[in-house]
Every structure is written in C-alpha cells, then in structure tokens.
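Asks: Sequence plus the predicted model coming up.
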Amino acid sequence: MPIKIPRGLPAKEVLEKENIFVMDDERAVTQDIRPLNILILNLMPEKQKEEAQLLRLLGNTPLQVNVTFMRTATHVSTHTSHLHLDQFYTTFDQVRGKKFDGLIITGAPIEKLPFSKVDYWDELKEIMEWSRKSVTSTLNICWGAQAALYYHFGINKVLLPKKLSGIYSHTVVKPREKLLRGFDDLFTAPHSRYTDLDHDTLVKHPEVKVLASSAEAGAFILMARGGNQIMVTGHFEYDTDTLAVEYQRDLKKDIHPDLPEHYFPDDDLNEKPVNSWRSHAHLFFSNWLNYYVYQETPYQWE
C-alpha cells in the first residue's frame with residue numbers, strides 16, 4: 001500500500017527517486033475503496049493445483065480480492081471433475097457483459113502446438129480481445145504470455161531444442177518500473193516450457209518492454225500498453241516440488257527429460273529442492289494488484 005504524506009513534503013521527491021510509492025493528501029481523499037474483482041482463466045489440466053498456487057499469492061496483500069474462475073467452453077477438461085468445474089467455474093458467455101479489474105490467463109502444456117491448432121484458440125482470441133476494454137490489467141503466464149504476445153503484438157514463439165526446466169537467475173532490466181519495486185537486482189524463478197521468444201524481435205518491438213530477463217532462460221517479465229498487458233514467461237506461482245513432480249511425470253511417460261537445472265541440490269534427486277523464489281513471487285503479485293489494478297481501475301465501471 002502507498003505511504004500517504006502531506007502535500008509538498010520534500011521527502012516525497014527523495015522517496016520517488018528511490019522507487020517508493022507515496023501519495024499526497026489531495027490524491028488520497030479522492031480514492032474510494034472497494035474489493036477488486038479478478039477473473040482467472042485457468043487453462044492448466046490440474047486446475048485445483050493451479051487454483052491453490054494463484055490464490056496463495058493473490059491473498060497475501062492488504063487488498064480484498066474477489067476471484068472468479070473461468071474455463072474454456074470449447075475444451076473439455078479430463079484432469080478435473082465435472083462436478084468441480086460446474087460448481088466453481090464459469091464460462092466466457094456468462095461474464096462477457098461484465099467488467100473486471102484484473103484478469104489472469106494461466107499457462108497450458110501445449111507449447112509445441114501452433115496456436116491455430118489449439119482447439120480453444122478462437123475462444124481465447126475472443127477473450128483476449130474482450131479484455132482490452134473490459135479489464136484494467138491482464139497478467140498472462142507462460143503459454144498464456146506467448147499467446148498474448150502473438151495475438152496482441154504479432155510476436156510468435158520459437159521451438160527450443162529441448163525443454164527448458166529449472167530455477168534460473170534473472171536480472172532486473174527496468175528498475176524504475178513499478179511492477180518491480182522492491183525487487184533485488186538478481187532474483188530467481190522457475191521455468192518449464194518447450195518454446196521461447198526471439199530476443200531481437202522483443203527488444204525491437206515498439207510496444208513491448210522487457211522488464212527482467214535471464215541469460216539462460218531469456219525474457220521473463222514483459223509489459224505493454226502501460227500495464228494493460230503483462231507477460232511472465234515462467235512460473236512464479238510454482239510450489240517447491242512442482243518441477244520435481246513434472247520431472248517424475250515425464251519419466252513415466254518415457255519422455256526422457258533432462259534433470260531440472262539449478263533445482264535439486266548437487267543435482268541429487270534424493271535431496272529436497274530449496275524454494276528461492278517465494279518472496280519475489282509474493283512481491284510481484286502484490287505489485288501487480290496494487291499498482292496496475294487497484295491504483296488504475298475505476299471505482300465504478302461505466
């Protein structure tokens with residue numbers, strides 16, 4: 001939350017230069033407070049795991065958040081019970097006439113498929129187009145980030161020689177951006193994908209800014225349209241054991257995966273991984289909710 005200070009206080013300029021969020025009395029009295037309405041399009045097969053991971057991060061702020069889960073109508077989930085979906089999920093037809101303060105589009109394990117071959121691609125395009133005027137800020141994760149970059153900005157994904165899986169070090173590229181307030185210069189985060197983004201295409205695009213990147217994993221946090229579209233190519237929301245579970249799953253499928261990089265201590269499967277990204281994950285979601293949703297959304301949607 002912001003620090004409210006008297007208007008004209010000299011310390012305001014000092015704090016702003018240090019990327020500390022301050023608000024003077026004049027702005028503070030104009031603010032009305034209400035719960036934030038966040039819509040989550042959950043594209044992951046094991047939806048209940050993704051629900052817990054995202055809610056854990058969304059719930060760790062002083063802000064009150066109302067969450068609505070949405071599924072695609074053009075794809076039938078085989079990993080989540082119909083009872084759970086019917087009880088807790090809505091479809092786009094049921095919300096298309098509403099406004100939301102924030103939207104999260106999750107990843108999906110379909111990176112190798114061309115976008116046009118995804119059975120719910122037309123539906124997703126309709127949702128992404130709707131979000132431009134009906135959502136204050138959209139957070140796109142992993143495959144969702146690649147889908148957003150392709151649909152909104154024409155930036156296509158590229159297939160990697162092998163799966164990128166592990167915990168990677170990232171550098172803050174734009175330290176003045178509010179989304180990265182409080183971040184260390186170097187921080188870690190999980191990645192798990194078969195595709196990447198062309199770095200030269202990203203840095204040359206006039207609408208897309210790379211905020212944080214990794215020498216090994218590429219661009220990580222990207223932003224466009226002043227925060228209306230935010231893309232994260234990895235998985236801040238992952239639990240400590242998620243990469244281990246994925247690795248064992250791939251072994252059982254006879255995929256012969258490489259060991260996740262920088263994950264198991266001394267690359268020993270018998271050693272328990274250490275979570276080195278939790279604090280930055282909470283900080284990232286808190287910054288998104290505060291600066292790009294709460295501070296920007298209208299009190300009453302017209």
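Replies: Nice, I can see it.
Asks: so who does Y263 touch?
Replies: 165-167, 243-244, 273 (CB atoms under 8 Å, 6 or more residues apart in numbering). Every residue, glycine included, has its C-beta placed from N, CA and C.
Asks: Equivalent analysis for G234, please.
Replies: 142, 168, 189-193, 217, 220.
Asks: Walk me through the domains of this structure.
Replies: Annotated domains of the chain cover 1-31, 34-240+276-294 [automatic domain parsing].
Asks: Out of the contacts of Y263, the closest to P257 would be?
Replies: Closest approach to P257 among the contacts of Y263 (CB to CB): S165, at 6.9 Å.
Asks: hang on, that closest one in a strand?
Replies: Yes - read with DSSP: H, G, I helix; E, B strand; the rest coil, S165 is one of the residues of a strand.
Asks: who does it bridge with?
Replies: The residues listed as beta-bridge partners of S165 by DSSP bridges are S192.
Asks: about what we covered before: of the domains of the chain, which approaches P257 most closely?
Replies: domain 34-240+276-294 (6.2 Å).
Asks: what about that closest one, how long is it end to end?
Replies: From its first residue to its last, domain 34-240+276-294 covers 9 Å (CA to CA, to the nearest Å).
Asks: Mean confidence (pLDDT) on that domain, please.
Replies: The average pLDDT within domain 34-240+276-294 is 94.
Asks: any idea how far R71 is from the closest residue to L43 other than its chain neighbours?
Replies: Spatially, and ignoring its direct neighbours in sequence, L43 is nearest to A108 (3.9 Å; CB to CB, 6 or more residues apart in numbering). A108 sits at a distance of 12 Å from R71 (criterion: CB to CB, to the nearest Å).
Asks: all helices for the stretch 151-300 of the chain, in order.
Replies: For the stretch 151-300 of the chain, applying DSSP state H, counting those that start in this stretch gives helices covering 199-204, 242-252, 278-287.
Asks: Show the contacting residues for D239.
Replies: Residues in contact with D239, defined by CB under 8 Å, 6+ apart, are 49, 53.
Asks: All the strands of the stretch 1-150 of the chain, residue numbers only.
Replies: Along the stretch 1-150 of the chain, the segments classed as strands by DSSP state E, counting those that start in this stretch run 3-5, 22-24, 36-41, 65-70, 89-90, 100-105, 135-141.
Asks: ok, residues contacting the fourth one?
Replies: Strand 65-70 has contacts (CB under 8 Å, 6+ apart) with 35-42, 47, 51, 55, 58-59, 88-92, 95, 100, 289.
Asks: In contact with V173, which residues?
Replies: Contacts here follow CB under 8 Å, 6+ apart; on that basis V173 touches 210-213.
Asks: check contacts around the residue lying closest to T91 once chain neighbours are set aside.
Replies: Excluding its sequence neighbours, the residue lying closest to T91 (CB to CB, 6+ apart) is A73, at 4.5 Å. Neighbouring residues of A73 by CB under 8 Å, 6+ apart: 91-93, 120, 123.
Asks: Filter the residues you listed down to the buried ones.
Replies: 92, 120, 123 (16 or more other CB atoms under 10 Å).
Asks: Distance check, the spatially closest residue to A244 that is not a sequence neighbour against D241.
Replies: Among residues not flanking A244 along the chain, P273 sits closest, at 6.3 Å (CB to CB, 6+ apart). Note on P273: its distance to D241, by CB to CB, is 7 Å.
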